[in-house]
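K.L.:
Generate a structure from the sequence data that follows.
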Amino acid sequence: MAGEQGATSIADFEKSLDELEKLVRDLEQGELSLEQSLAAFERGVKLTRECQQALKSAEQRVEQLVQNSDGTLETRPFTPDDPA
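P.N.:
Numbers count the residues shown, from 1 in each chain. You can find the predicted model right below:
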């Protein structure tokens, strides 16, 4: 079930990102009324927050495989500060 939930959130992320890209294109064309532009901007802010949260959640699930000094392997949570 966890895999299904992850797949759903990935699909939701991609759908949100596609919608956000469309909103940006519409705003850049400059053909929307002021009211439509404000609504598109507000929707874009909401989508941006949702995408950021999805990325943060995905980052928290990433693990790295490391080799211990005795040669055994183990997984540890990934932190960006870890040496490569």
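K.L.:
can you pull the buried residues of the host helix or strand of Ala11?
P.N.:
Using DSSP states H and E, Ala11 maps to helix 2-29. For helix 2-29, the neighbour count (16 or more other CB atoms under 10 Å) marks Phe13, Ser16, Leu20, Leu23 as buried. Bear in mind the C-beta positions are built from the backbone N, C-alpha and C, glycine included.
K.L.:
The closest residue to the third one other than its chain neighbours and Asp81, how far apart?
P.N.:
In space, and not counting its chain neighbours, Leu20 is closest to Leu47: 4.4 Å by CB to CB, 6 or more residues apart in numbering. When CB to CB, to the nearest Å is the yardstick, Leu47 and Asp81 sit 30 Å from each other.
K.L.:
the more surrounded of the two?
P.N.:
The neighbour comparison of Leu47 against Asp81 (other CB atoms under 10 Å) goes to Leu47, with 18 against 5.
K.L.:
element containing the more buried one?
P.N.:
Per DSSP H and E: helix 34-61 holds Leu47.
K.L.:
So the residue nearest to Leu20 sits against Asp18, correct?
P.N.:
No: between Leu47 and Asp18 there is no contact under CB atoms under 8 Å: 9.7 Å.
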